[in-house]
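K.L.:
mind folding the following:
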Amino acid sequence: MADHPQTRFGGVEVDAAMVPLLRELWRRGIRTVASCQSWAVMGGAAYVGFVAEADYAAFKKIVLSASRIVVDVEPAVVTEDPPTS
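P.N.:
So this is what the prediction gives:
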């Protein structure tokens, strides 16, 4: 259960503050797999997970074309499920 407001968007439950970003990504055909508006593990930073490297590359191209935005985190690739205990 999330610590922040959830809403139904695109047939799934998402963090309410992520809807504008997800709407734009999906409009551009960029597929996402997970997102959070404030993840404590990352010091409260928001994150978006992408389905494939091509989706991340498309996102990065858009972000880097906006001169006032800096991307300072490279993607993490999850290749297996995390341990359960």
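
K.L.:
this protein: strands as residue ranges?
P.N.:
For the chain, the strands defined by DSSP state E occupy 6-9, 12-15, 32-39, 45-50.

K.L.:
sheet-wise, list the partners of the third one with their directions.
P.N.:
To tie it back to what came earlier, the one meant is strand 32-39. Sheet pairing of strand 32-39 (DSSP bridges) gives strand 45-50 (antiparallel).

K.L.:
tell me which residues in the partner strand are buried?
P.N.:
48, 50 (16 or more other C-beta atoms under 10 Å). Using the backbone N, CA and C atoms, a C-beta is placed for each residue, glycine as well.

K.L.:
and the contacts of that strand?
P.N.:
The contact list for strand 45-50, computed with C-beta atoms under 8 Å, 6 or more residues apart in numbering, reads 17-18, 21-22, 25, 30-39, 56, 59, 75.

K.L.:
10 Å instead?
P.N.:
Here strand 45-50 makes contact (C-beta atoms under 10 Å, 6 or more residues apart in numbering) with 15, 17-18, 21-22, 25, 30-39, 41, 55-60, 73, 75-76, 78.
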